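Novice: Quick one, structure for this:
(chains A and B)
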There are 2 protein chains.
Amino acid sequence: MRSLPLSRVYQLLEPGPVVLLTTSRGGRPNVMTQSWHMMVEFEPPLIACVVSDRGYSFAALRATRECVIAVPDRKLARKVVAVGNCSGADRDKFAACGLTPRPARQVAAPLVAECFANLECKVIDTRLVRRYNLFILQVLAAWTDPSQQNPKTIHHHGYGRFTVDGRTFRLKSRMK
Amino acid sequence: MRSLPLSRVYQLLEPGPVVLLTTSRGGRPNVMTQSWHMMVEFEPPLIACVVSDRGYSFAALRATRECVIAVPDRKLARKVVAVGNCSGADRDKFAACGLTPRPARQVAAPLVAECFANLECKVIDTRLVRRYNLFILQVLAAWTDPSQQNPKTIHHHGYGRFTVDGRTFRLKSRMK
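Specialist: Numbers count the residues shown, from 1 in each chain, chains lettered A, B, ... in the order given. Below is the predicted model of the structure:
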């Protein structure tokens, strides 16, 4: 994994990819599938995400205030959906879904070795957790896998329907 | 425009498209380009979005507590980027960018006639506005253009680089 400048983190999440969110509580890692996230600030990168309070990850995130957001390439789509189809309450989802946890540097939650990008995050604001399950995260460290060139992400349209990134184009823009 | 069931709104925004956000203040409509949004609840649909406080739309959204989120097909990409490249402080951006405002039903902010989907929204929570410019919106009404079949959205990767929706696939998922 190669370190990614924090100023470039938004370029990963702004396009709306399906991501994995990992936690670790009491030495027990877990992973969930996630599409309800957005950028909040460029640098330091802040992210908002909604984590269902019916899942095992919610309690871990609220208690530990740490997580990793990992971005999978389309080749991992089956594993990503498998993660979304089972609960961490009764199994090791990494083993069950064929994913590999790797130690992060600043948080207890694990990186996902197979993902092309991993963001180590801490919770910095919980004011909207009670009402909306909405956490504000700050990215502490960001990693990319240099062996995965030109990754293509997937985007969820509901009920297991996904689109894959298609062609790329550029338009002269004043937008960052 | 055809009415869209509110239960299906999340299928439009969850994949992370670039959208337009319109406001109307003192009878003056405005429009901005937006990628920092996410779903917060399925039904009634709640959306979080971050609107820069350096733009003209921020003051209008805060004052009127209403907006429309409009989803453009890729064919509108040049107009969408043009919207992002100028300010509403000194011009009518609809006219300047070749977009057509249409009256909405429940809010003063206009629909964008050229977009394949339009969501009428009211601001329901401003607790995170001061610190993060983050608004919580509730979708009051949703419209789609039945003449635009199989629209493809665009996703922003920073500095005017975009991807277009590519192929679609399905995987058996318990996720909504």
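Novice: Show me what residue of chain A gets nearest to chain B.
Specialist: At 1.0 Å from chain B, residue A:16 is the closest residue in chain A, using Cβ to the nearest Cβ. For glycine as for every other residue, the C-beta is placed from the backbone atoms N, C-alpha and C.
Novice: Contacts made by stretch A:146-153 with the rest, please.
Specialist: Contacting residues not belonging to stretch A:146-153 are listed as A:2, A:15, A:17-18, A:71-74, A:116-117, A:164-165, B:166 [Cβ atoms under 8 Å, 6 or more residues apart in numbering or on different chains].
Novice: mind checking the SS state of the spatially most central residue of chain A?
Specialist: Using Cα atoms, centre = their mean, the residue of chain A that lies closest to the mean C-alpha position is residue A:69, 2.5 Å off. Three-state assignment for residue A:69 (DSSP: H, G, I helix; E, B strand; the rest coil): strand.
Novice: Then residue A:59?
Specialist: Under three-state DSSP, residue A:59 falls in the helix class.
Novice: Show the contacting residues for the nearest residue to it once chain neighbours are set aside.
Specialist: What sits nearest to residue A:59 in space, not counting adjacent residues and going by Cβ to Cβ, 6 or more residues apart in numbering or on different chains, is residue A:25, at 7.5 Å. Taking Cβ under 8 Å, 6+ apart, we find residue A:25 in contact with A:59-60, A:63-64.
Novice: Between the residues you listed, identify the one with the most neighbours.
Specialist: residue A:60 (26 neighbours; other Cβ atoms under 10 Å in any protein chain shown).
Novice: any chance you could map the strands in chain A?
Specialist: For chain A, the strands defined by DSSP state E cover A:2-3, A:19-25, A:28-34, A:37-41, A:46-50, A:66-71, A:101-102, A:111-112, A:117-125, A:134-144, A:154-156, A:161-170.
Novice: Put together a markdown table for these, with mean pLDDT on each row.
Specialist: Output for these, formatted as a markdown table (pLDDT from 0 to 100):
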| stretch | mean pLDDT |
| --- | --- |
| strand A:2-3 | 96 |
| strand A:19-25 | 97 |
| strand A:28-34 | 95 |
| strand A:37-41 | 98 |
| strand A:46-50 | 98 |
| strand A:66-71 | 98 |
| strand A:101-102 | 97 |
| strand A:111-112 | 98 |
| strand A:117-125 | 98 |
| strand A:134-144 | 98 |
| strand A:154-156 | 97 |
| strand A:161-170 | 96 |
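Novice: which residues does the closest residue in space to residue A:112 that isn't next to it in sequence form a beta bridge with?
Specialist: Excluding the flanking residues, the one nearest residue A:112 by Cβ to Cβ, 6+ apart is residue A:70, at 3.9 Å. Beta-bridge partners for residue A:70, by DSSP bridges, are residue A:20, residue A:118.
Novice: List the contacts of residue A:70.
Specialist: A:19-22, A:111-112, A:115, A:117-119.
Novice: So among those, which ones count as buried?
Specialist: Listed as buried from those are A:19-22, A:111-112, A:115, A:117-119; burial here means 16 or more other Cβ atoms under 10 Å in any protein chain shown.
Novice: How many neighbouring residues does the residue of chain A closest to chain B have?
Specialist: 25.
Novice: Residue A:152 too?
Specialist: By other Cβ under 10 Å, neighbour count at residue A:152 equals 15.
Novice: phi, psi of it?
Specialist: phi -120, psi 130 (degrees, to the nearest 10).
Novice: quick one: contacts for the closest residue to it other than its chain neighbours?
Specialist: Taking Cβ to Cβ, 6+ apart, and ignoring the residues beside it in sequence, residue A:152 has residue A:165 as its nearest neighbour in space, at 4.2 Å. Shown in contact with residue A:165 (Cβ under 8 Å, 6+ apart): A:15, A:74, A:152-155, B:155, B:163, B:165-166.
Novice: try 10 Å this time
Specialist: Residues in contact with residue A:165 (Cβ atoms under 10 Å, 6 or more residues apart in numbering or on different chains) are A:15, A:17, A:73-74, A:150-155, B:155, B:157, B:163-167.
Novice: what does residue A:41 give?
Specialist: So residue A:41 contacts A:10, A:47-48, A:136, A:138-139, B:36, B:50, B:131-134 (Cβ under 10 Å, 6+ apart).
Novice: For residue A:123, state which of the residues you listed is nearest.
Specialist: Taking Cβ to Cβ as the measure, residue A:123 lies nearest residue A:136 of the contacts of residue A:41, at 7.1 Å.
Novice: Next, count neighbours for residue A:98.
Specialist: Number of residues near residue A:98 (other Cβ under 10 Å) recorded here: 12.
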